[in-house]
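K.L.:
coords below, sequence missing:
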């Protein structure tokens, strides 16, 4: 009888240990899912914030030279930063204005008053990675 009672105590201890481990695994899985969801939300928030600089003008629209200056300035700033995920790979411009010479080009006031055709494209993650500014 004494052995049976000890066996029941040991079995009860094992069941309690298994229950504690099961609850711990369940809670860790829930935390992991919460963590990944919050990381994805943060990522989409960062993407939306990045894209706002470019899509606030609209896509496939005419913009002023001042807006073109602001966009090219932002492209230059982004591409010289350490943000590897956020780089504008492709910039199509007219032969007269490029990312390299936009400061000089827009130094002249008449160029700020010109109209430009503006459009942009997204990569597979939804990040704007191409910009087109063509004199119109």
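P.N.:
On my side now, so go ahead. Note that this is a predicted model, so its numbers are computed, not measured.

K.L.:
Which stretches in the protein count as helices?
P.N.:
For the chain, applying DSSP state H gives helices covering 2-55, 65-79, 102-105, 109-112.

K.L.:
other SSEs contacting the last one?
P.N.:
It stands for helix 109-112. The contact analysis (3 or more Cβ pairs under 8 Å, 6 or more residues apart in numbering; DSSP states H and E) places helix 109-112 against helix 65-79. Using the backbone N, CA and C atoms, a C-beta is placed for each residue, glycine as well.

K.L.:
bridging residues for residue 116?
P.N.:
Applying DSSP bridges to residue 116 gives these bridge partners: residue 63, residue 135.

K.L.:
Residue 129 versus that one, what's the distance?
P.N.:
19 Å (Cβ to Cβ, to the nearest Å).

K.L.:
list the buried ones in stretch 56-68?
P.N.:
For stretch 56-68, the neighbour count (16 or more other Cβ atoms under 10 Å) marks 57, 63, 65, 67, 68 as buried.

K.L.:
among the helices of the chain, which is nearest residue 125?
P.N.:
Distance to residue 125, taken as Cβ to Cβ, is lowest for helix 2-55 among the helices of the chain, at 7.0 Å.

K.L.:
what separates the residue most central in space within the chain from residue 65, distance-wise?
P.N.:
Taking Cα atoms, centre = their mean, the centroid of the chain lies closest to residue 47, which sits 2.6 Å from it. Using Cβ to Cβ, residue 47 is found at 28 Å from residue 65.

K.L.:
Count residues in the vicinity of residue 13, would you?
P.N.:
The number of residues packed near residue 13 is 10, by other Cβ atoms under 10 Å.
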